[in-house]
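J.: Only the shape, not the letters, is given here:
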Ligand SMILES: Cc1ncc(COP(=O)(O)O)c(C=O)c1O
């Protein structure tokens, strides 16, 4: 028989007061936002699937009313992920795209947004084909060029939207510099931190107002969840986001919130494994006869390697490469197809950030929604492939890419 009376509630209460500065990242990733269940002592946060919660009288309840607005499992996860970004407020969404949609709903017709010109194409599609119709105006600039960014800012600019490193060309953008320019013009800065995760990059500490993740990627990390999260430490902004998350109705499912919470516990070790494998592969490919060019921020040959070292504490697991053809020039489409079909450890698939290695072809996959001339103006040519380096054995990863390059004579 369980003796409930002997249960030491003070230990539970002790764990409730997490001070983000007091513990290291990996410790917080395992514990923040989570307390043993005061009722039964369960160490793992339970999945509370209930869509609705009891009122003792109309309007009086224990903090939860209806799971679109708030749910204990999702709240634990939001609290943990916010903590890892050094913030107090997190809002978990049904997808990364839904997170951006929620942020964009803070804007009004006539407002102006400046966004990076090299970013996940789905954001470009969302801005151009959905929010433009709502009367919001957009300009796209190379965010690494401060003069161009300055020139694009207008009195009605409310939001600056950026990714770093960019997808797929791994261009670095100086978050601190963009935050200074955004704030000087009265605009908020939002950073898509999907590629680096809070393990390697902390945009809020560099002046950003909002961080967004497609948690589909590294945060969940096992390619079995679609999700997004928005994080801020600004109380007023958090109140507006809380309202909007509820009003727009795109909060994350409880089960998926649980999976993300569980995945956060291994985020640090996963990211370090991704990085270690990616570093070794990037170095190997730099001197490979089948590769024209490698883009990885951890390589000294990366044009913004110094900024990468200053801004990030690790270099991540994403690599982009331009393939060389048998004739010594750009690989042809036929050669590219042969290469991406020859992989065995890697899988030809959209997405990134899972434990398994993936290869994708941006111009026909992730960036297909971008017009060909826009792709080419950004440098997304047909011989560009993007590698999401997994946590498999590094020798297998390198050997796999070698043999696939061999299929085009590289
Ligand atoms: C950098 C980045 N941001 C945002 C998204 C969109 O996220 P989701 O697919 O979860 O809506 C993606 C998706 O690939 C992405 O790569």
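T.: Ah, there it is. Everything numeric in this text was worked out from a predicted model, so none of it was measured.

J.: What are the phi and psi values at residue 288?
T.: The phi/psi pair for residue 288 (degrees, to the nearest 10) reads phi -90, psi 140.

J.: tell me the strands in the stretch 251-400 of the chain, going along the chain?
T.: For the stretch 251-400 of the chain, the strands defined by DSSP state E, counting those that start in this stretch occupy 291-295, 318-323, 347-348, 358-360, 384-388.

J.: any chance of those in TSV, plus mean pLDDT?
T.: Listed next are the strands of the stretch 251-400 of the chain as TSV, based on pLDDT from 0 to 100:
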stretch	mean pLDDT
strand 291-295	97
strand 318-323	98
strand 347-348	98
strand 358-360	98
strand 384-388	97
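
J.: how about a markdown table for the ones you listed, with distance to the ligand added?
T.: The C-beta positions use only the backbone N, C-alpha and C, and glycine is treated the same way. Formatted as a markdown table, those follow (distance: least, CB to the nearest ligand atom, whole Å):
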| stretch | distance to the ligand |
| --- | --- |
| strand 291-295 | 15 |
| strand 318-323 | 9 |
| strand 347-348 | 15 |
| strand 358-360 | 10 |
| strand 384-388 | 10 |
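
J.: With mean neighbour count added, can I get the ones you listed in CSV?
T.: Shown next, in CSV, are the strands of the stretch 251-400 of the chain (neighbours: other CB atoms under 10 Å):
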stretch, mean neighbour count
strand 291-295, 19
strand 318-323, 24
strand 347-348, 16
strand 358-360, 22
strand 384-388, 25
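
J.: how about the residues of the protein that lie near the ligand?
T.: Neighbours of the ligand within the chain, by CB under 6 Å from any ligand atom: 95-97, 120, 122, 163, 167, 192, 194-195, 214, 216, 226, 228.

J.: pLDDT score assigned to residue 367?
T.: Per-residue pLDDT puts residue 367 at 87.

J.: List the contacts of it.
T.: Residues near residue 367 by CB atoms under 8 Å, 6 or more residues apart in numbering: 121, 168, 375, 380.

J.: go again using 6 Å as the cut-off
T.: The neighbours of residue 367, taking CB atoms under 6 Å, 6 or more residues apart in numbering as the test, are 121, 375, 380.

J.: So which of those sit within helices?
T.: Judged by DSSP state H, helices contain the following of those: 121, 375.

J.: Which one of the contacts of residue 367 is nearest to the ligand?
T.: If you rank the contacts of residue 367 by distance to the ligand using CB to the nearest ligand atom, residue 121 comes first, at 8.6 Å.

J.: Now do the phi/psi pair for the spatially most central residue of the chain.
T.: Residue closest to the average C-alpha location in the chain (CA atoms, centre = their mean): residue 194, at 1.4 Å. Torsion angles at residue 194 (phi, psi; degrees, to the nearest 10) stand at phi -60, psi -40.

J.: What distance do you get for it to residue 245?
T.: Residue 194 sits 19 Å away from residue 245, going by CB to CB, to the nearest Å.

J.: can you tell me the distance between the two ends of stretch 119-129?
T.: Stretch 119-129 has an end-to-end distance of 16 Å (CA to CA, to the nearest Å).

J.: what pLDDT, on average, does it get?
T.: Averaging pLDDT along stretch 119-129 gives 93.

J.: Outside of it itself, list whatever touches it.
T.: 97, 138, 163, 167, 367, 369, 370.

J.: check contacts around the residue of the stretch 51-200 of the chain found nearest the ligand.
T.: The stretch 51-200 of the chain approaches the ligand most closely through residue 96 (2.5 Å), counting by CB to the nearest ligand atom. Listed by CB under 6 Å, 6+ apart, the contact partners of residue 96 are 214, 228.

J.: try 7 Å this time
T.: When contacts are counted by CB atoms under 7 Å, 6 or more residues apart in numbering, residue 96 touches 194, 212, 213, 214, 215, 216, 228.

J.: Restricted to strands, list those residues.
T.: Among the contacts of residue 96, the members falling in strands (DSSP state E) are 212, 213, 214, 228.

J.: which non-adjacent residue is nearest the third one?
T.: Just to be clear, that refers to residue 214. residue 96 (2.8 Å; CB to CB, 6 or more residues apart in numbering).

J.: Retrieve the pLDDT associated with the one you found.
T.: So, for residue 96, pLDDT stands at 98.

J.: now for the ones in strands among the contacts of residue 96, which pair is the farthest apart?
T.: Farthest-apart pair in those is 212 and 214; separation 7.9 Å (CB to CB).

J.: Now do the helices in the stretch 1-150 of the chain.
T.: 9-16, 25-31, 72-84, 96-104, 121-126, 146-152 (DSSP state H, counting those that start in this stretch).

J.: and if you look at the stretch 251-400 of the chain?
T.: Taking DSSP H, counting those that start in this stretch to define them, one finds helices in the stretch 251-400 of the chain at 254-264, 267-286, 305-311, 333-342, 372-378, 394-406.

J.: So which helix or strand of this structure has the lowest pLDDT on average?
T.: One helix or strand of the chain scores below all others by mean pLDDT, DSSP states H and E: helix 9-16, with a mean of 47.

J.: that older thread, mutual contacts of residue 212 and residue 214, please.
T.: Common contacts of residue 212 and residue 214 (CB under 7 Å, 6+ apart): 96, 228.

J.: Could you tell me which residues make contact with the closest residue to residue 51 other than its chain neighbours?
T.: Using CB to CB, 6+ apart and skipping the chain neighbours, the partner closest in space to residue 51 is residue 67 (4.8 Å). Applying CB under 7 Å, 6+ apart to residue 67 gives the contacts 50, 51, 254.
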